[in-house]
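*Asks:* got a predicted structure plus its sequence, pasted below:
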Amino acid sequence: MLKIGFDAKRLFNNTTGLGNYSRTLVDKLKKQFPENDYFLYTPKVIRNNETESFLNGEYNVIHPQTMPGWMWRSAFLSNDIKKEKLDIYHGLSHELPLGIQKSSTCSVVTIHDIIYKFHPEDFPWFDRKVYDFKFRYACNNSDRIIAISESTKTDIMLHYGISEDKISVIYQTCNDAFKQGVTEEQISETLQKYKLPEQYLLYVGTINQRKNLLSIVEAIHQLGDKLKIPLLVIGNGKEYKEKVLDYIKKHNLESKIVFAPYIQNSHLPAIYHRAKIFVFPSRYEGFGIPIIEALYSRTPVITSKVSSLPEAAGPGAHYIDVDDPSTIADGIHKILTSPEYYKQLANNGYEYVQQFNDETSIRRLMGLYERISAGK
């Protein structure tokens, strides 16, 4: 039996991305290896539908009692780890507490990406400095690094000077809800609930320059009357979103671009299943979970052939040039007008995505825990 602790800040406080990764990983570990003790360290707890199952008494949830959460998590959490005599502490999102290397606890850190290096324009100067310190510290002082893709592994080696032998690639998976069937009734109820169109192209993600939504909108403008269904956008943004909205207004595309309201995670599988195409022309991703969600939904994917995206999408995607919206337009038109090509992408994608299953990833992770705890 192992005593395993996790940095659970994002598990309890993030509804997307890193929060989904943390919840899926911890939940699957508990289900596959219930004999271990699991400790969740978080500066605060937000109770909602996503986190309720982690507050049922099966986990040891630990948070600070006498100091600000940020201070405890960065500088004093190591004291609680030592007190509990954990076998493993896993920083699930790029960070480890200061002093962890002085404890008898083995440490693992997951590095999802180093976007701030490739797209500094998306991050304030101070944030970039903080990320650089935290990421480097975690990589240098952990016993093992988990990269979520071969692309991220290469980035870690290049930018932090870490030996290849210290890094294990363990792919992410997505929520089980995307792997289960969705009925027409569930789809219809979801579309009615959010007042969404019956048919649509789909984009899911933050609306920023790196995610490249404007190129999709430009492609839709190029398609003109050849495209009969709108693009459904699920995501939020700031300055870049305003840029996209300005383009939409200038070219009278309001009827062709639908911005969804907040969508509960539990309703996303129905939306993915109904989408005709999932369009994701990102310029950089650590892995690309939305692509995995689309492939499990048997929805054809249009994406870019950069960073980790070919690892996520495999042969089940139509690849485009991130700097050329006309290639997105061509891809949309080809998929929508060729039933044979549509079926080919959907089937190839669904077959390929089966490798990103829970059992394989979680068993690899537990094997890593057992090896490093036995060797220290």
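*Replies:* Yep, that arrived. Numbering: from 1, shown residues only.

*Asks:* going forward, measure contacts and count neighbours with C-alpha atoms only.
*Replies:* Fine.

*Asks:* please enumerate the strands of the chain.
*Replies:* Assigned strands in the chain, in chain order: 3-7, 37-41, 60-62, 88-91, 106-111, 144-147, 167-169, 201-204, 231-234, 257-259, 277-280, 301-304, 317-320 (criterion: DSSP state E).

*Asks:* report the angle between the axes of the second one and strand 3-7?
*Replies:* Here strand 37-41 runs at 20 degrees with respect to strand 3-7, directions being taken by axes from the mean of the first three to the mean of the last three CA atoms, to 10 degrees.

*Asks:* what lines up beside strand 37-41 in the sheet?
*Replies:* If you go by DSSP bridges, strand 37-41 pairs up with strand 3-7 (parallel), strand 60-62 (parallel).

*Asks:* out of those, indicate the one that is most buried.
*Replies:* Among these, strand 3-7 has the highest mean neighbour count (mean count of other CA atoms under 10 Å), at a mean of 22.

*Asks:* out of the strands of the chain, nearest to Arg128?
*Replies:* strand 106-111 (15.4 Å; CA to CA).

*Asks:* going by contacts, tell me the helices and strands next to the closest one.
*Replies:* strand 88-91, helix 125-141, strand 144-147 (3 or more CA pairs under 8 Å, 6 or more residues apart in numbering; DSSP states H and E).

*Asks:* 6 Å - rerun?
*Replies:* The contact analysis (3 or more CA pairs under 6 Å, 6 or more residues apart in numbering; DSSP states H and E) places strand 106-111 against strand 88-91, strand 144-147.

*Asks:* report pLDDT for His63.
*Replies:* pLDDT recorded at His63 is 88.

*Asks:* contacting residues around it?
*Replies:* Shown in contact with His63 (CA atoms under 6 Å, 6 or more residues apart in numbering): Tyr41, Thr42, Pro43.

*Asks:* and which of those residues is nearest to Leu18?
*Replies:* Taking CA to CA as the measure, Leu18 lies nearest Thr42 of the contacts of His63, at 14.0 Å.

*Asks:* Thr303 bridge partners, please.
*Replies:* Going by DSSP bridges, Thr303 forms beta bridges with Phe280, Tyr319.

*Asks:* any idea how many residues pack against it?
*Replies:* Residues near Thr303, counting by other CA atoms under 10 Å, number 24.

*Asks:* thinking again about what came up before, which of the contacts of His63 lies closest to Leu365?
*Replies:* Tyr41 (19.3 Å).

*Asks:* tell me, how many neighbours does the closest one end up with?
*Replies:* 25.

*Asks:* go ahead and confirm it touches Asn60.
*Replies:* No. Applying CA atoms under 6 Å, one finds Tyr41 not in contact with Asn60, separated by 8.4 Å.

*Asks:* where does the protein have its least confident helix or strand?
*Replies:* Among the helices and strands of the chain, helix 69-71 carries the lowest confidence by mean pLDDT, DSSP states H and E, at a mean of 85.

*Asks:* show residues contacting it.
*Replies:* By CA under 6 Å, 6+ apart, helix 69-71 touches Pro43.

*Asks:* what about that helix, distance to the chain center?
*Replies:* 25 Å (CA atoms, centre = their mean, to the nearest Å).

*Asks:* tell me the residue in the chain that is farthest from the middle.
*Replies:* What lies farthest from the middle of the chain is Asp225; by CA atoms, centre = their mean that is 34.2 Å.

*Asks:* now do that residue against Leu253, distance only.
*Replies:* For Asp225, the distance to Leu253 equals 11 Å [CA to CA, to the nearest Å].

*Asks:* ok, now Pro64?
*Replies:* 50 Å.

*Asks:* so Leu295 sits against Asn348, correct?
*Replies:* No. Assessed by CA under 6 Å, Leu295 is found out of contact with Asn348, at 8.8 Å.

*Asks:* okay, those two: which has more neighbours?
*Replies:* Taking neighbours as other CA under 10 Å, Leu295 and Asn348 compare with Leu295 leading, 32 against 18.

*Asks:* need the pLDDT of that one.
*Replies:* On the pLDDT scale, Leu295 gets 96.

*Asks:* Cys174 now?
*Replies:* Reported pLDDT for Cys174: 84.

*Asks:* pop out the phi and psi values for it.
*Replies:* phi -120, psi 180 (degrees, to the nearest 10).

*Asks:* i'd like the first residue to be 53 from this point on
*Replies:* Yep, numbering from 53; the last one is Cys226 now.

*Asks:* look up how far Leu77 lies from it.
*Replies:* Here the criterion is CA to CA. By it, Cys226 lies 10 Å from Leu77.

*Asks:* list the buried residues for the least confident helix or strand of the chain?
*Replies:* Using 16 or more other CA atoms under 10 Å as the test for burial, helix 121-123 gives Gly121.

*Asks:* stretch 81-101 now?
*Replies:* Applying a neighbour-count criterion of 16+ other CA under 10 Å, one finds Leu81, Lys82, Asp89, Tyr90, Phe91, Leu92, Tyr93, Thr94, Pro95, Lys96, Val97 buried in stretch 81-101.

*Asks:* surely the fourth one meets Ile56?
*Replies:* Yes. In this structure, Tyr90 is within contact of Ile56 by CA under 6 Å, at 5.1 Å.

*Asks:* could you list the low-confidence segments of this structure?
*Replies:* Within the chain, the ranges that satisfy pLDDT under 70 run 428.

*Asks:* outline the domain layout of it.
*Replies:* 55-225+409-427, 228-405 (automatic domain parsing).
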